[in-house]
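**Student:** Just a sequence and a predicted model for now, questions to come.
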Amino acid sequence: MSEVTLVDAVNMALAAEMAADPSVVVLGEDVGVNGGVFRATAGLQQRFGPQRVLDTPLSETLIAGMSIGLAAEGLKPVAEIQFMGFVYSTMDQMINHAARLRNRTRGRLSCPMVLRAPFGGGIHAPEHHSESTEALFAHIPGLRVVIPSSPGRAYGLLLAAIRDPDPVIFLEPKRVYRLVKQEVADNGEALPLDVCFLLREGTDVTLVSWGAMIHEIMTAADQLAASGISAEVIDVATIKPLDMNTILDSVAKTGRCVIVHEAARTCGVGAEIAAQLAERGLMSLFAPVERVTGYDAIIPLFNLEKEYMPSVGRIVAAVKRTLEG
Amino acid sequence: MAEFLYLLRPHLTLSRWRGRKSTALGGGQWRQTSWVRKYRWRMANGRAALLTAKARKECLLPTGLSENSQNRSDPVFCMMRGTTTVTKESEKRVRKQKKGAAVPPQQSHSSVHFDIHDHRILDADGCLVGRLPECAKQPDQLIALYRIMVKTRLFDEKAIALQRRGQLGTYASSLGQEAIGAAIGTVMADDDVLFPAYREYAAQFLRGVTMADILLYWGGNEQGMNFKGQRHDFPICVPIAGQAPHAVGTAYAMKLCDEKRVAVCVIGDGGTSKGDFCEAINAAGTWALPIVFIVNNNGWAISMPRKRQTGAETLAQKAIAAGFPGEQVDGNDVIALTDRIDQALHKARMGIGPTLIEALTYRLCDHTTADDASRYRSGQEVKEQWHYEPIKRLRTYLNEIDCWSESDEQELLASCHDEVEQAVSCYLNTPPQPPESMFDYLYQSLPAALEEQRASVVQWSKGNE
Ligand SMILES: Cc1ncc(C[n+]2csc(CCOP(=O)(O)OP(=O)(O)O)c2C)c(N)n1
Ligand SMILES: [Mg+2]
C-alpha cells in the first residue's frame, strides 16, 4: 500500500479497471500523450495504447456524444472534460441522450459511461475554471452524480462508477487533487454508489457536505470540539441518487443540521437535502436547517474567490446559530 | 481591371459579366452565390468553370504576387500548408445510386473544385518575395508594425516573469504569434468589433486595451475586462470557440443596420473542431455576413498537434464548405497578414461576405504558464521554429532598406520597457475590488432577494459576524 493523492488515486483506479476490463476506454482532450492537464491519465496511453486512451479533437460535444455510441456498443468509456466550466456543451448529449437512452429504448440500449471533470475553486485558476455546478446534473433523471473527497473514496467510487451500468457524472474536487495523501490499497475494490459516508460521529449537530468542502467541515468540527460541541460529519459523495436515510438517521440523533456546499445557494443540492429534512425529519429538528454555501453570484476571479467560498468561520457561526434556538 | 472592380462591386460588374457571358451559359445560370463559388462551381450538366485561371488568381492572390513567387521551402508551410484540389464525386455517386431518377436542381450533382492559396510577402530571412501592399508600403507603416510586435513580446516576457514570481495567475503567452494580433489591430477600423480568443494582445493594445487591463485579468481581477480605452470589443474568451457565434450575431446586427462595420473573430486551430465554430462559419456563409474569421494555427492545441486535430489538409478549406473563401497566410509574415486581413475587411465592408484566414504560425511558448510542453513536443522542433518567428524577419528587412538602425532598436526597447514597467506598477498598485462587488454587475440593479447575501459578504469580509 502506498500513500497517494486524490489525483493519483483516480489514475490508479483507471489503470486498475483498464487492466481488469478490456472494454474500458479513456477519451478526452490531452488525456493521452500529455496524460491529462492534471495528470489524471498519466501513463495510461503508454500502458494501454492509443486505441484505448484516445486524444480527441477539441470538442466536448463529441467527447460526450461519442461516449454514448461507444457505450451502446458494450464498451465502457471514461471521458474526461478538462474543467467543469467546459461541460456545458456536453449537456445536450448527457441530458437528451445519455440519461434517456435506456428509458427511450425500454432497456434495449444502455449507456454505461463515466464523464469525469475536475470542479470547484480555490486553486487561483483563470476564468471559467472554478465553478461548482453539480446541481445542474443532479437535477436530471437518469444520471448519477458522484463526488469523491479523499484519495480512498476517489479510487473506490471511480471503480464503482465505471462498473455501473448507467451514465455517471464523476466530479473531482481539484483543490483536493494534491492537498492530502492517504494510503490506498490498489485492490480493485469498489465502494457502494448510493450511500453517504459517515466521517465522524457526534451528538450535537450534523454537518453535511461533499467535495473540497469536506475539508472545511472537518476543520470546523475540530474547532467546535474544542468548544465542547460534538459534530457528526457526513460526506454525501453520491449526490444523485441521494442516500437520505443516512442523513435522516444522523439528524434524528443530533437534531440539528448544517449543509455546506461551494456551489451557489439557490437550487443547490443543499436545497434538496433541506427539503427532504423538512418532509421527513422535521420532528427530529431542534432548530431550522442551516445552509452555508457559495453566494448566488458568479464565482469571482481569484482575487475574491476566497470571499465567495464557505469558510470555516461561516460554518462554525451557522452551527452556533442552530444551537442558540 | 474588370476583375478588380468585380471584387469591389460585385453587383455592378456581375451584371456586365452576365451580359457578356449569357450566351455561352445559355442564360439564367447565375445564382446568388458568393464570388468564389461563382468561379468554381461546375454545373450539373458538365459546363466548364466559367472564368479563367487568370481571373481566379487575381482575386485570390495579392496584387502582383504570383503563385510561383512564393517560397515553399519553409517548414511551417511544408508542415501545415496545403494547396488542395478536391473533386467532389457526388455527381457520379448520385447517378449510380439513383439510376436516372430525377434529381431536383437544388440538389444538383455538381462537383466542387477548390484551391487553397497561401500568401507570403516577407520570408523568414527577411527577403521580399512579393510586392508590398498599400497598407504596408511606407516605412512608417512597417515600423509601426514592428513596434507593436516588439512591445507585445516584451509585455509577454514580463507577464511570464510576474507569474513565476507569484504576482500573476496562469498566463497565456503570445510568443511567436505576435504578427497576427499586430496585423489585425493595424487594419481594423475603430468601430469594427474584435472577438478575441486569448493570444491577441497586440491587436487589443492597438485597439485601446491597456497592458494593465490584461495583467489585471490574468491577475484575478474582473476590472481587467472593463477596458477603459475600448468600449465595444469583446473580452478574452477562455471557453474555446464560444466567441464565434457572438461574432456572427454582431455581424448580423451590422448588416441589419446597414453599417459598413465588420466583426473579426479570432480562434485557434483547436477551436475549429468545436461545433460553435462550425455552426458560426455556416451561418456567416449562409447570410454573407460582414465577418472575418482568423484562425491562429500555431500548430498545437495544448498537446494536440494540428494534424491530429482534423483530417482536413488545411483549416482554410473549412470556409469552402461554409460557402465563402478561405486562404492560408504565413502567420509570421506581418506584411502578408496585414494585406490579406485588410482585403478581407474591405470585402466584408462592401457586402461581399465573410473570409476565413488561416494564419500559419507556431506556438513558441508553453500552452500557458501552467503547461509543460516538453512532455509532448521536442525541443528540437521548437528550436527550428525560432528561425521563422515574425519579429526578426521584419527587423532584417527594415535594416536592409535602411529604415531601422541599432540606435532605433535600443530606443524602442527602452521605451517599451518603460511602458511595460509602468503598466506593471499600475497593475500591482490596483487594489482588489471590494468583495461585495461580486454582486454589483450580476444584473443591472440588485434584486431585493440578493441583498441579504450581499450584506453577508460585507460582514464576513470585515472578519466579524
Ligand atoms: C470549451 C473548452 N474546452 C477545453 C478548454 C481547455 N483548453 C484551453 S486552451 C485549449 C487548447 C486550445 O487550442 P487552440 O484552439 O489551438 O488555441 P491555442 O491555445 O493553441 O492558441 C484547451 C483544450 C477550454 N478552454 N474550452
Ligand atoms: Mg493552437
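**Tutor:** That came through, no problem. Numbers count the residues shown, from 1 in each chain, chains lettered A, B, ... in the order given. Ligands and ions are numbered 1, 2, ... in the order given.
**Student:** quick one, strands of the stretch 101-250 of chain A?
**Tutor:** A:114-119, A:144-146, A:168-173, A:182-184, A:197-200, A:205-209, A:231-235, A:238-240 (DSSP state E, counting those that start in this stretch).
**Student:** Show me what residue of chain A gets nearest to ligand 2.
**Tutor:** A:L58 (9.0 Å; Cβ to the ion). From N, CA and C alone the C-beta is placed, and that goes for glycine too.
**Student:** ok, now which ones touch the nearest residue to that residue once chain neighbours are set aside?
**Tutor:** Closest residue to A:L58 apart from its sequence neighbours, by Cβ to Cβ, 6 or more residues apart in numbering or on different chains: B:G270 at 3.9 Å. B:G270 is in contact with A:P57, A:L58, B:I240, B:W300, B:A301, B:I302, B:M304, B:Q309, counting by Cβ atoms under 8 Å, 6 or more residues apart in numbering or on different chains.
**Student:** near ligand 1 too, which of these?
**Tutor:** Contacts with ligand 1 within the contacts of B:G270, as defined by Cβ under 6 Å from any ligand atom: A:L58, B:I240, B:W300, B:A301, B:I302.
**Student:** pLDDT score assigned to the third one?
**Tutor:** Right, B:W300. The model reports B:W300 with a pLDDT of 98.
**Student:** B:H367 is in contact with that one, correct?
**Tutor:** Yes - counting by Cβ atoms under 8 Å, B:W300 does reach B:H367; the two are 7.2 Å apart.
**Student:** Between those two, which contacts overlap?
**Tutor:** By Cβ under 8 Å, 6+ apart, the residues touching both B:W300 and B:H367 are B:A373.
**Student:** Now the residue most central in space within chain B, what are its backbone angles?
**Tutor:** Nearest to the geometric centre of chain B sits B:I294, at 1.9 Å (Cα atoms, centre = their mean). The phi and psi torsions at B:I294 (degrees, to the nearest 10) take the values phi -120, psi 120.
**Student:** can you map out the helices along chain A?
**Tutor:** Along chain A, the stretches classed as helices by DSSP state H are A:6-20, A:44-48, A:60-72, A:91, A:101-104, A:134-138, A:151-163, A:213-226, A:244-254, A:269-280, A:305-308, A:312-324.
**Student:** Comparing those, which comes out most buried?
**Tutor:** Highest mean neighbour count of the helices of chain A: helix A:151-163, a mean of 25 (counted as mean count of other Cβ atoms under 10 Å in any protein chain shown).
**Student:** Would you mind giving the orientation angle of that one with respect to helix A:213-226?
**Tutor:** If you take axes from the mean of the first three to the mean of the last three Cα atoms, to 10 degrees, helix A:151-163 sits at 140 degrees to helix A:213-226.
**Student:** What is the distance between helix A:151-163 and the centre of its chain?
**Tutor:** 11 Å (Cα atoms, centre = their mean, to the nearest Å).
**Student:** Just the closest residue of the stretch 151-300 of chain A to ligand 1, please.
**Tutor:** A:K174 (13.5 Å; Cβ to the nearest ligand atom).
**Student:** what sits against that residue?
**Tutor:** A:F38, A:P118, A:F119, A:G120, A:I123, A:A125.
**Student:** OK, contacts around the first one?
**Tutor:** Read it as A:F38. By Cβ under 8 Å, 6+ apart, the neighbours of A:F38 are A:V7, A:P118, A:K174, A:Y177.
**Student:** Within range of chain A, give me the residues from the stretch 101-250 of chain B.
**Tutor:** Selection of the stretch 101-250 of chain B residues close to chain A by Cβ under 8 Å from any Cβ of the partner chain yields B:G169, B:T170, B:Y217, B:W218, B:G219, B:G220, B:N221, B:E222, B:I236, B:V238, B:P239, B:I240.
**Student:** Just list whatever residues bridge to the residue of the stretch 301-450 of chain B found nearest ligand 2.
**Tutor:** The nearest approach of the stretch 301-450 of chain B to ligand 2 comes at B:A301, 4.6 Å away (Cβ to the ion). Note on B:A301: beta-bridge partners by DSSP bridges are B:M304.
**Student:** In the stretch 351-465 of chain B, where is pLDDT below threshold?
**Tutor:** Along the stretch 351-465 of chain B, the parts satisfying pLDDT under 70 run over B:464-465.
**Student:** how about B:Q433, what does it touch?
**Tutor:** Per Cβ under 8 Å, 6+ apart, neighbours of B:Q433: A:N303, A:L304, B:N221, B:E222, B:Q223.
**Student:** Now do the end-to-end distance for stretch B:347-367.
**Tutor:** The first residue of stretch B:347-367 is 33 Å away from its last residue (Cα to Cα, to the nearest Å).
**Student:** Please disregard the earlier target; I meant stretch A:295-309.
**Tutor:** End residues of stretch A:295-309 are separated by 8 Å (Cα to Cα).
**Student:** And for stretch B:128-143?
**Tutor:** One end of stretch B:128-143 sits 16 Å from the other (Cα to Cα).
**Student:** List the buried residues in it.
**Tutor:** B:V129, B:G130, B:L132, B:P133, B:C135, B:A136, B:Q141, B:L142, B:I143 (16 or more other Cβ atoms under 10 Å in any protein chain shown).
**Student:** do stretch B:370-384 as well
**Tutor:** B:A370, B:D371, B:A373, B:Y376, B:R377, B:V382.
**Student:** now, which of the residues you listed sits nearest chain A?
**Tutor:** B:Y376 (4.8 Å; Cβ to the nearest Cβ).
**Student:** picking that back up, contacts only, for the residue of the stretch 301-450 of chain B closest to ligand 2.
**Tutor:** Going by Cβ under 8 Å, 6+ apart, B:A301 touches A:E29, A:L58, B:G268, B:D269, B:G270, B:G271, B:S273, B:Q309.
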